[in-house]
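In: model this:
(one chain, ligands or ions: 1)
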Amino acid sequence: MSAKRLGIGFIGTGNISSAYLKAILGKDGMPGFGVLDVKGLADMRPDAASARAAEFGLQSMSVEAMLADPAIDLVVNLTIPRAHVEVGLQCLAAGKHVYSEKPLGITFAEGRKLLDAAKAAGLRTGSAPDTFLGGSHQQARAVVDSGVLGQLVGGTAFMLSPGHESWHPDPAFYYDLGGGPMLDMGPYYITDLVNLLGPVAQVSAMSSRLRTERTITSEPKKGQTMKVSIDTHVTGALGFANGAIVQIGMSFDVAAHKHVPLELYGTEQSLIVPDPNFFGGTLEIRKRGREEQWTEVPVTAPYADGNYRSLGVADMASAILENRPHRANGDLALHVLEVMEAFEIAARDGRTVDIKTPVTRPAPLAESLKDGVLG
Ligand SMILES: NC(=O)c1ccc[n+]([C@@H]2O[C@H](COP(=O)([O-])OP(=O)(O)OC[C@H]3O[C@@H](n4cnc5c(N)ncnc54)[C@H](O)[C@@H]3O)[C@@H](O)[C@H]2O)c1
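Out: Below is the predicted model:
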């Protein structure tokens with residue numbers, strides 16, 4: 001374990017915060033990320049912060065106290081999408097690096113504002129998802145980088161679901177501005193695709209909103225209706241700078257389907273990449289030719305066997321301490337946000353949209369980081 005640690009705090013202690021804390025503190029069989037020294041938890045609902053703090057044996061504090069605490073260098077922003085940039089700007093103004101849940105912001109313009117503020121302050125921004133750092137996705141990256149797929153032709157990306165109102169305790173934000181299947185789940189798929197294929201150059205799209213009101217079926221708000229302010233079925237294509245074209249479907253309106261989450265096509269071989277919402281999963285590859293079969297690619301890369309949400313924060317903290325670039329960074333998230341917004345523009349205007357923000361693929365997560373360098 002690295003001796004150096006970075007003081008961090010959380011703003012937003014709702015549903016997803018427990019996954020972060022379990023990974024950091026080494027629950028559920030995970031080794032923990034010792035580089036992250038959790039100094040406190042805050043939320044606009046103080047009772048939510050104190051309940052989560054009690055659950056994990058941590059301190060709760062007010063947002064103001066957290067921002068004023070000199071022991072906290074980095075804030076993990078787990079608020080709802082509409083609050084990501086506002087809270088992020090507060091953290092930067094207080095002199096703290098900020099790592100946000102996805103999406104980086106709900107518009108490209110506000111995401112840009114966050115990155116500009118960070119640059120001006122000499123601070124870093126990071127963003128979920130970090131699942132592309134998971135073992136199965138890093139293994140997929142190694143397969144792509146080895147060149148065995150041949151020339152990269154394209155692929156498919158599908159996240160087709162009936163929506164979140166059957167399980168999330170407070171699902172209204174998924175149907176509000178800043179929600180929708182693309183802004184909610186697109187970050188996992190598009191970030192993984194950028195990690196595998198490089199920058200997106202163009203987007204085309206069509207989308208629909210068949211219901212303007214939906215009913216919550218999960219407790220405790222069962223029976224309440226929610227207004228739908230965004231399109232809930234989004235389809236289109238991503239044209240990558242390397243020439244690959246990926247068809248995509250993101251939906252909160254599909255009852256059932258049999259597509260795999262991600263497939264990549266090369267002229268020599270095709271690769272099935274597991275669900276980018278998870279760190280692990282099975283990779284399959286098949287050569288061109290009628291007699292060929294799908295075979296499993298062994299996953300030897302680390303972080304494939306658990307819900308390691310916070311791996312991106314651990315990499316960012318290590319990067320700050322080691323003065324190197326971090327992988328789940330704001331530039332990557334801003335590129336992905338521009339791509340996601342381009343789906344809205346392309347669908348609305350019936351045209352293909354060019355993507356302008358530059359991005360470089362994050363460095364692969366080296367095997368050498370396996371045994372605790374990040375922790
Ligand atoms: N729930 C999941 O499975 C999941 C998975 C991955 C990512 N995410 C992302 O994580 C984020 C949070 O999701 P969640 O499911 O935990 O939501 P949630 O509604 O359960 O929790 C959000 C918390 O943020 C607090 N909050 C909101 N605005 C705030 C503000 N301005 N200042 C301080 N606190 C504020 C709320 O009081 C609440 O406790 C979202 O961006 C979501 O997209 C969620």
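
In: output the below-cut-off pLDDT ranges for this structure.
Out: Using pLDDT under 70 as the threshold, the predicted model of the chain has low-confidence ranges 1-3, 367-375.

In: how close does the spatially closest residue to Thr232 that is not a sequence neighbour sit to the ligand?
Out: In space, and not counting its chain neighbours, Thr232 is closest to Phe252: 4.3 Å by Cβ to Cβ, 6 or more residues apart in numbering. Yep, even glycine has a C-beta here, placed from its N, CA and C like the rest. When distances are taken as Cβ to the nearest ligand atom, to the nearest Å, Phe252 and the ligand turn out to be 13 Å apart.

In: excluding covalently adjacent residues, which one is nearest to Gly134?
Out: Counting by Cβ to Cβ, 6+ apart, the residue nearest Gly134 is Phe279, at 2.7 Å.

In: SS state for the one you found?
Out: coil (DSSP: H, G, I helix; E, B strand; the rest coil).

In: nearest residue to the one residue in the stretch 201-350 of the chain that gets nearest to the ligand in space, please, no chain neighbours.
Out: Distances between the stretch 201-350 of the chain and the ligand by Cβ to the nearest ligand atom are smallest at Arg309, namely 7.1 Å. Closest residue in space to Arg309, ignoring its immediate chain neighbours: Ala19 at 4.6 Å, by Cβ to Cβ, 6+ apart.

In: now Leu89
Out: Nearest non-adjacent residue to Leu89, counting by Cβ to Cβ, 6+ apart: Ala117, 5.7 Å away.

In: how many other residues sit next to the one you found?
Out: Around Ala117 sit 18 other residues, with neighbours defined as other Cβ atoms under 10 Å.

In: what is the burial count for the residue of the stretch 201-350 of the chain closest to the ligand?
Out: When counting by other Cβ under 10 Å, one arrives at 24 neighbours for Arg309.

In: got it, and Thr131?
Out: Number of residues near Thr131 (other Cβ under 10 Å) recorded here: 29.

In: next, work out how far apart it and the ligand are.
Out: Separation of Thr131 from the ligand (Cβ to the nearest ligand atom): 9 Å.

In: still on that earlier bit, and the residue of the stretch 201-350 of the chain closest to the ligand, what does it touch?
Out: Under the criterion of Cβ atoms under 8 Å, 6 or more residues apart in numbering, the neighbours of Arg309 are 16, 19-20, 23, 128, 130-131.
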